[in-house]
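A.B. asks: Quick one: sequence plus predicted model below, questions after.
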Amino acid sequence: MRAGNRLSGWEERLIDGLIGLVSRLAKEPDGDKKERTKFVGYQDLLKLLEKPECPACFIVRRSLQGFLSVAFMEELTVPEFREPLRASFGCCKQHSEYVRVALRNRLRKMGIAIVYEDLLALVQANMQAKNGLPIVSGCPLCRLQEDVEAYAVQVIADYCNDAEFQNHYEASSGVCLPHLRKVLRLLQGDARKFFIESHLTKLETQLGHLQEFIRKHDYRFTHEKMTEEEKTSPRSAVRFVVRY
Amino acid sequence: MRSARSSQQEKSSVYFHLLEAFKVKGCAVCVLLAKAVQSYLANLLYENVNDVNVRLRLRQSLGFCRDHASALTNSGDPLGVAIIYQDILQDIHGKLSKSNTEALSPGLECPACTYRRQFECMYIELLADYLHDGELQRALHASDGLCLNHLSQVVDHVHEDGVKNELLSLHERKLDISRKNLTEFLRKQEIQFRNEIVSSEEEASCERAIDFLVGKND
């Protein structure tokens, strides 16, 4: 997974940890979720805040990508990976996108071909047995995403009282709206106040960029140069409202 | 009723759209729905960005779902996107400043999803009604077939066992071909068969299997 991705040392460490976490979560039966040790270190979290994307989205996306790359190469015969996939007749539409991305790697493509040949055979067997047509539902990656997301949101909420974290958070682009809602549910008092105020400021900045983007499309001001933030403001606004 | 609908005079433009869509790779219903959503979004950006009712509706749903928001940003009209999302962000800012965090969840479904579902029902019903039609049958046989979701919906709309069984056995044969392509792709990855050329169908077999199970994106 890391080949060709040019990850820095801390990113590699973080992603290795995330893959381990997701693999462990995938193998834990439902209703048997134990207290997990936090491995996203404080420094890693601060570095995540330097990225121009929601840190919770980053954690979820990279963990699922990493998990799938390992799973399609090394866990093909592991029942904890294959059985939930068979039970749901594959991943949902959203998570199938991760599988499509994993197809770009030849070795993973072989693993995916093995898994999907089996899934098609399963659908065919259902059709022949006149059991009716199966529907893809109960995607195991959705359950996994929920777990990783809850973990990521909790990590962010836990540090919200820390002054250094607050400084870094204020300078960052913050979390997206779906994760903002989730973090706010975990916060009370000063931490909650800080989080709301910080996001109000971020929204004002974003609105300012959007306003300038719109103004500079007016024929009277088209000669004015747009800043990078203004140019990307429509996409950033969409990214804030719906997580990527 | 059905024979009357099948008559050449009554065939609507939707029927001909379906015939055309069967010539394209993938599930014909998915192809038509993707087109419908694209034209809905293009129309919205071209004509309705400043429509008061449209803007109110978009505020309530907090814009679009993830997939359709992504389609919107790739539509090539960033100014329209900026106007729509400036309004939505202003609304979110207002709610957040009142600490009304519960109101930060979408109150209505993504409008593109609502639009898509209406078209989906129309195509499914029409397809189920015209399964007797020779021209449509030929087009369906020559096509890649339907995805699992749309096949299942069409089957639910067909009441005659004969037609239903024929549709299912056609898709079983198509599944056989897909599985053979996957198996051949895998065989040709083995060291002793590496010299054999992987056909384009075999190369695309994984992608096609995913398309069959979950359909194509809009």
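C.D. replies: All right, it came through fine. This one's a predicted model, so the numbers in the text were calculated from it and none came from an experiment. Numbers count the residues shown, from 1 in each chain, chains lettered A, B, ... in the order given.

A.B. asks: rest of the way, CA atoms for contacts and neighbours
C.D. replies: Noted.

A.B. asks: which residues touch the closest residue to A:Arg243 other than its chain neighbours?
C.D. replies: Leaving out its chain neighbours, the residue that sits closest to A:Arg243 by C-alpha to C-alpha, 6 or more residues apart in numbering or on different chains is A:Cys176, at 6.1 Å. Taking C-alpha atoms under 8 Å, 6 or more residues apart in numbering or on different chains as the criterion, A:Cys176 is in contact with A:54, A:57, A:239-243.

A.B. asks: what about 10 Å?
C.D. replies: A:53-57, A:199, A:236-244 (C-alpha atoms under 10 Å, 6 or more residues apart in numbering or on different chains).

A.B. asks: could you give the mean pLDDT of the helix or strand that contains A:Asn167?
C.D. replies: Assigned by DSSP states H and E, A:Asn167 belongs to helix A:163-171. Across helix A:163-171, pLDDT averages out at 93.

A.B. asks: give me the number of residues near the nearest residue in space to A:Gln145 that is not next to it in sequence?
C.D. replies: Distances taken as C-alpha to C-alpha, 6+ apart put A:Val60 closest to A:Gln145, at 6.4 Å, once the chain neighbours are dropped. For A:Val60, the count of nearby residues is 23 (other C-alpha atoms under 10 Å in any protein chain shown).

A.B. asks: what about A:Val60, distance to B:Leu32?
C.D. replies: According to C-alpha to C-alpha, to the nearest Å, A:Val60 stands 32 Å off from B:Leu32.

A.B. asks: ranges for the helices of chain A?
C.D. replies: A:9-27, A:42-48, A:55-74, A:79-87, A:93-102, A:106-128, A:140-158, A:163-171, A:177-186, A:189-215, A:228-231, A:233-241 (DSSP state H).

A.B. asks: what's the angle between the fifth one and helix A:140-158?
C.D. replies: With axes from the mean of the first three to the mean of the last three C-alpha atoms, to 10 degrees as the basis, helix A:93-102 and helix A:140-158 are set at 100 degrees to each other.

A.B. asks: So which of the helices of chain A is the most surrounded?
C.D. replies: Sort these by mean neighbour count, taking mean count of other C-alpha atoms under 10 Å in any protein chain shown, and helix A:233-241 sits at the top with a mean of 24.

A.B. asks: close to chain B, is that one?
C.D. replies: Yes. Using C-alpha under 10 Å from any C-alpha of the partner chain, helix A:233-241 reaches chain B at A:233-241.

A.B. asks: Export that helix to CSV, keeping only CA atoms.
C.D. replies: Only the C-alpha atoms of helix A:233-241 are listed here, as CSV (Å, rounded to 0.1, in the frame of the first residue of the first chain):
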residue,chain,number,x,y,z
SER,A,233,-13.4,27.6,-1.9
PRO,A,234,-16.5,26.0,-3.7
ARG,A,235,-14.9,22.6,-3.4
SER,A,236,-13.8,23.2,0.2
ALA,A,237,-17.3,24.3,1.1
VAL,A,238,-18.8,21.1,-0.3
ARG,A,239,-16.1,19.1,1.5
PHE,A,240,-17.0,20.7,4.8
VAL,A,241,-20.7,19.8,4.4
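
A.B. asks: A:Tyr116 is in contact with A:Phe89, isn't it?
C.D. replies: Yes. Counting by C-alpha atoms under 10 Å, A:Tyr116 touches A:Phe89, with 9.1 Å between them.

A.B. asks: Output the lowest mean pLDDT helix or strand found in chain B.
C.D. replies: Lowest on mean pLDDT, DSSP states H and E among the helices and strands of chain B sits helix B:2-6, with a mean of 48.
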